[in-house]
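**Q** When you get a sec, could you give me coordinates for this:
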Amino acid sequence: MAKSIPKIAYRETVALDIEVISFHQVRERLQQIKDHDPYAPHKIQFYLILVITKGAYTHYLDFKQYTLKPGSVLFVAKEQVQHFTRALANTEGYAVILNHQYLENNYLGSKTLHLNRLYNYHLESPVIHQDQMIEDSLLPLADELHKEYYLQDSFGKAEVLQSLLHAFLIKAERVKDQNASSSVSPQWLTHFTSFTLLLHNQYTSTRNAQDYAKSLYISYKLLNDVVKALTHKTAKAFIDDFVCMEIKRFLISTSLSIKEISFKTGFDEPANMIKFFKKTTEFTPAQFRKANAYS
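**A** This is a model prediction of the structure:
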């Protein structure tokens, strides 16, 4: 197990912000990797979309196995812990790889268009299955993305790819919205998205929900109401679960000591982190690491 979890960056050799490759190409690329094991947990520094066109495939993402079938689409966010599985050898489909800055600037951080449910793994399942699409499908757009990416005529290629991706993402967001278990105002969804982004950047400094409400210029009551409406948890419970997930990622993906992980996740003393983790998960960090060890 690596001392530090491998962080896989967007390929600098890609001139566009969007890369679209077949699963056959994915398998070839995985065989060429020398600096980490793609079949062992690692973090990605970009956004990934896996589209299944034939066969069944199971992908590992944040301590869960997601089984995909034809028509299924899996959305993997930047910083999530994931890895490929050997079932990829018997599956066909596409991998859409997105530069994190492009997606964040144009969609996740946009003031005019928000993807509040898509890529929000705190709120939604990362998977869309074909039966959720009813009479629609994301497969034709995935086919067009792949064809356009390899089209020899480069005139307007970036613009066409962006247009196709735009339609793909909006359709996916629409499916998420139609299948959402909770119905809230767009403004509340925006508050929640802003909260989770802030939490990601500041959880090592504070786990106090009132601090986040102040930073967002909203009342603590409103923040708590938003989080409860969307997750059925209080803001404090959500923050605790978020921090536990970060601790789990360190435990499963590195050989850092409990002491080192406690400092990296914002605890002054290892004993405080162990007590916090056990209270939230019912496992000590050592027990969790042993039970989830990758072999």
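**Q** which stretches of the stretch 51-200 of the chain have low pLDDT?
**A** Regions of the stretch 51-200 of the chain meeting the criterion pLDDT under 70 cover residues 109-113, 181-182.
**Q** can you map out the strands along it?
**A** Assigned by DSSP state E, counting those that start in this stretch, the strands in the stretch 51-200 of the chain fall at 57-61, 64-68, 73-76, 81-83, 92-98, 127-128.
**Q** okay, the angle between the first one and strand 92-98?
**A** Using axes from the mean of the first three to the mean of the last three C-alpha atoms, to 10 degrees, one finds that strand 57-61 and strand 92-98 are set 30 degrees apart in direction.
**Q** how much does strand 57-61 deviate in direction from strand 64-68?
**A** Going by the same axes, to 10 degrees, strand 57-61 makes 150 degrees with strand 64-68.
**Q** Pairing partners for strand 57-61, with directions?
**A** Next to strand 57-61 in the sheet, as set by DSSP bridges, lie strand 64-68 (antiparallel), strand 81-83 (antiparallel).
**Q** Mind listing what's buried along the last one?
**A** Think strand 81-83. By neighbour count with 16 or more other C-beta atoms under 10 Å, strand 81-83 contains the buried residues 81-83. Just so you know, the C-beta spots here come from the backbone N, C-alpha and C atoms, and that holds for glycine as well.
**Q** just to revisit the earlier point, looking at the strands of the stretch 51-200 of the chain, which is buried most?
**A** The highest mean neighbour count among the strands of the stretch 51-200 of the chain belongs to strand 73-76 (a mean of 24), with neighbours defined as mean count of other C-beta atoms under 10 Å.
**Q** Only alpha carbons, please: show that strand as PDB.
**A** Included here for strand 73-76 are C-alpha records, laid out as PDB according to Å, rounded to 0.1, in the frame of the first residue of the first chain:
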ATOM      1  CA  VAL A  73     -23.900   5.800 -16.700                       C
ATOM      2  CA  LEU A  74     -21.600   6.300 -13.700                       C
ATOM      3  CA  PHE A  75     -20.400   9.800 -12.700                       C
ATOM      4  CA  VAL A  76     -17.100   9.900 -10.700                       C
END
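**Q** List the contacts of Val51.
**A** Residues in contact with Val51, defined by C-beta atoms under 8 Å, 6 or more residues apart in numbering, are 72-73, 93-96, 138-139, 142.
**Q** His100 now?
**A** 10, 45-47, 78.
**Q** again, only using 6 Å
**A** 46-47, 78 (C-beta atoms under 6 Å, 6 or more residues apart in numbering).
**Q** returning to what we had before: quick one: the strands of the stretch 51-200 of the chain as CSV, columns for distance to Ile33 too.
**A** Compiled in CSV, the strands of the stretch 51-200 of the chain are given as follows (distance: least, C-beta to C-beta, whole Å):
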stretch, distance to Ile33
strand 57-61, 16
strand 64-68, 22
strand 73-76, 17
strand 81-83, 12
strand 92-98, 14
strand 127-128, 25
